[in-house]
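Peer 1: 3D, please:
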Amino acid sequence: MGNRPVLTRPLPAACAAALALLLAGCAETLTEKAAPPPVAPKPSPLAAPPAPAPKTAREPGAEEALRIDREAAAESEKGEHAYRKDDFAAAERRFQAALRLRPGALHALTGLAWTLYDSERPDEAYPHFRKAHALFPEDRSAERGLAYLYYRYGRRKEARDILGSLDKKQWPELANIEIELAARARRGLPPPKTLSETPAPPAKKEESKQARATKPAGEVKPAAEAKEPEKTKAPMPKKAKRAAKKPSAPALGAARHPH
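Peer 2: Numbers count the residues shown, from 1 in each chain. Below is the predicted model:
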């Protein structure tokens, strides 16, 4: 028997198609394995800038403001120390200095108001109490001082609205005010009034030229009536010693007050 040639039969069409797809998949797999790794994209020039570092330096003027605050607080504290020692002149100077540095500072406002009040100058204290109460309506020190002055000026309803009652045992200062008002009455002085309620003195009427011209010639003006001798004013009695002692000095702060 000799060598016979191997006879191959042609594949069916369906098998040929399947074989082609299989070969194509292998080629794609080899291509993917041979592909180089992707390169990371470069950052865009329009990317958001990094967050700014926190500022360590203060804004311009902050150091100066802090220095003024410290000086004002120091003056106000010295004013309170002087007030506690009843050195009202020194206390007034210190509180005024603090207000020049920081106008409207609560501690200096109420400190100056109580200094004037306790040095027998309540009418001068009144505008400072009003300003403190307008700026800091929740402050009890400013409220109490304003209520005492309302009582002194006869505005009892407003004083009661602030204090809650006009009980002199609860508020001994009201008894001191009654002593002052009685002393004024004995001297024939009218009750004190706030500046806005004090009537202005009547203006002097000048004699018209026509009236002067119609006066008969040689008319002698009547002699001025002799003035009655001025009564010697009795010294005002000092206020009764306050029943309540001054409270200990609170810590320096916005709601701090010397009285």
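
Peer 1: from now on I want contacts and neighbour counts done on CA atoms only, so please keep to that.
Peer 2: Fine.

Peer 1: where do the helices sit along the chain?
Peer 2: Secondary structure of the chain (DSSP state H): helices at 13-34, 62-84, 88-101, 106-118, 122-135, 140-152, 156-163, 173-186, 209-213.

Peer 1: just send the ones you listed back as TSV, with distance to Thr194 and mean pLDDT too.
Peer 2: Shown next, in TSV, are those (distance: least, Cα to Cα, whole Å; pLDDT from 0 to 100):
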stretch	distance to Thr194	mean pLDDT
helix 13-34	99	55
helix 62-84	25	94
helix 88-101	22	97
helix 106-118	14	96
helix 122-135	7	96
helix 140-152	9	96
helix 156-163	14	96
helix 173-186	14	95
helix 209-213	39	48
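
Peer 1: so what's Ala97 up against?
Peer 2: Ala72, Glu75, Ser76 (Cα atoms under 8 Å, 6 or more residues apart in numbering).

Peer 1: buried members of the residues you listed into ChimeraX, please.
Peer 2: Provided next is the ChimeraX selection string for whichever of those are buried by 16 or more other Cα atoms under 10 Å:
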select :72,75,76
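
Peer 1: so which of the helices of the chain is the most packed in?
Peer 2: helix 106-118 (a mean of 27; mean count of other Cα atoms under 10 Å).

Peer 1: restrict that one to CA atoms and write it as CSV.
Peer 2: C-alpha atoms of helix 106-118 as CSV (Å, rounded to 0.1, in the frame of the first residue of the first chain):
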residue,chain,number,x,y,z
LEU,A,106,-20.9,100.5,80.2
HIS,A,107,-18.7,100.2,83.3
ALA,A,108,-17.3,103.7,82.9
LEU,A,109,-20.8,105.2,82.3
THR,A,110,-22.4,103.6,85.3
GLY,A,111,-19.3,104.2,87.4
LEU,A,112,-19.4,107.9,86.6
ALA,A,113,-23.1,108.1,87.1
TRP,A,114,-22.9,106.5,90.6
THR,A,115,-19.9,108.7,91.5
LEU,A,116,-21.8,111.9,90.7
TYR,A,117,-24.9,110.5,92.5
ASP,A,118,-23.1,109.6,95.7
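
Peer 1: tell me the angle of it relative to helix 122-135?
Peer 2: 160 degrees (axes from the mean of the first three to the mean of the last three Cα atoms, to 10 degrees).

Peer 1: who does helix 106-118 touch, helix- and strand-wise?
Peer 2: Identification of packing neighbours for helix 106-118 by 3 or more Cα pairs under 8 Å, 6 or more residues apart in numbering; DSSP states H and E yields helix 62-84, helix 88-101, helix 122-135, helix 140-152.

Peer 1: ok, back up a step: of the contacts of Ala97, just say which sits nearest to Glu143.
Peer 2: Using Cα to Cα, Ser76 comes nearest to Glu143 of the contacts of Ala97, at 19.8 Å.

Peer 1: mind checking how far the closest one is from His107?
Peer 2: As judged by Cα to Cα, to the nearest Å, Ser76 and His107 stand 7 Å apart.

Peer 1: what do you get for Ala97?
Peer 2: Distance from Ala97 to His107, counting by Cα to Cα: 12 Å.

Peer 1: right, and Leu181 touches Leu189 too?
Peer 2: No: contact criterion Cα atoms under 8 Å: Leu181 and Leu189 do not qualify, at 9.1 Å.

Peer 1: can you tell me which residues contact Thr194?
Peer 2: With contact taken as Cα under 8 Å, 6+ apart, Thr194 is in contact with Asp123, Tyr153.

Peer 1: on the pLDDT front, check it for me.
Peer 2: Looking at Thr194, its pLDDT is 77.

Peer 1: and it, how far from Arg93?
Peer 2: Separation of Thr194 from Arg93 (Cα to Cα): 25 Å.

Peer 1: many thanks, I have nothing further to ask.
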